[in-house]
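Student: just coords:
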């Protein structure tokens, strides 16, 4: 007799702990309003925790907080350390690094070069 439960096993979600990367901000004015919004919006799309440290600081900021990111006054040439912990952390790190390397897609959206 069966209990009515499926015998199929569900694939567990990918779990990546303590993923981290570094990337240089090359955008002409750093993380002003638009890039900060773009960064935090992408960060919020992942279920893992995401934190950012600027220029070797030991202070880690919530990467999903627009207030924290804009308040850090991240300028061109700043080195960001981005770390994530939890489900899809590796994917989050990769996506955020690529976003920064693409200058936050500003050229596509606004026809500007950084």
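Tutor: Yes, it's here. Predicted, not measured: the structure shown is a model, and the values here were computed from it.

Student: ok now stretch 88-101, how far from the chain's centre?
Tutor: Chain-centre distance of stretch 88-101: 5 Å, with CA atoms, centre = their mean, to the nearest Å.

Student: quick one: the strands in the protein, in order.
Tutor: Secondary structure of the chain (DSSP state E): strands located at 15-24, 49-54, 61-62, 79-87.

Student: pLDDT on the third one, on average?
Tutor: This predicted structure assigns strand 61-62 an average pLDDT of 98.

Student: circling back to that earlier point, nearest to residue 101 among the strands of the chain would be which one?
Tutor: strand 15-24 (6.5 Å; CB to CB). Glycine gets a C-beta too; all of them are placed from N, C-alpha and C.

Student: what are the pairing partners of that closest one, and which direction each?
Tutor: strand 79-87 (antiparallel) (DSSP bridges).

Student: picking that back up, export the strands of the chain to JSON lines and append columns for distance to residue 101 and mean neighbour count.
Tutor: Output for these, formatted as JSON lines (distance: least, CB to CB, whole Å; neighbours: other CB atoms under 10 Å):
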{"stretch": "strand 15-24", "distance to residue 101": "6", "mean neighbour count": "13"}
{"stretch": "strand 49-54", "distance to residue 101": "15", "mean neighbour count": "21"}
{"stretch": "strand 61-62", "distance to residue 101": "20", "mean neighbour count": "17"}
{"stretch": "strand 79-87", "distance to residue 101": "11", "mean neighbour count": "19"}
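
Student: would you quantify the distance from residue 84 to residue 32?
Tutor: According to CB to CB, to the nearest Å, residue 84 stands 24 Å off from residue 32.

Student: apologies, that question was intended for residue 77.
Tutor: Distance from residue 77 to residue 32, by CB to CB: 14 Å.

Student: neighbour count winner among these two?
Tutor: residue 32 (15 against 11; other CB atoms under 10 Å).

Student: who's in contact with that one?
Tutor: For residue 32, the contacting residues are residue 70, by CB atoms under 8 Å, 6 or more residues apart in numbering.

Student: kindly report the same for residue 35.
Tutor: By CB under 8 Å, 6+ apart, the residues touching residue 35 are 27, 103-104, 106.
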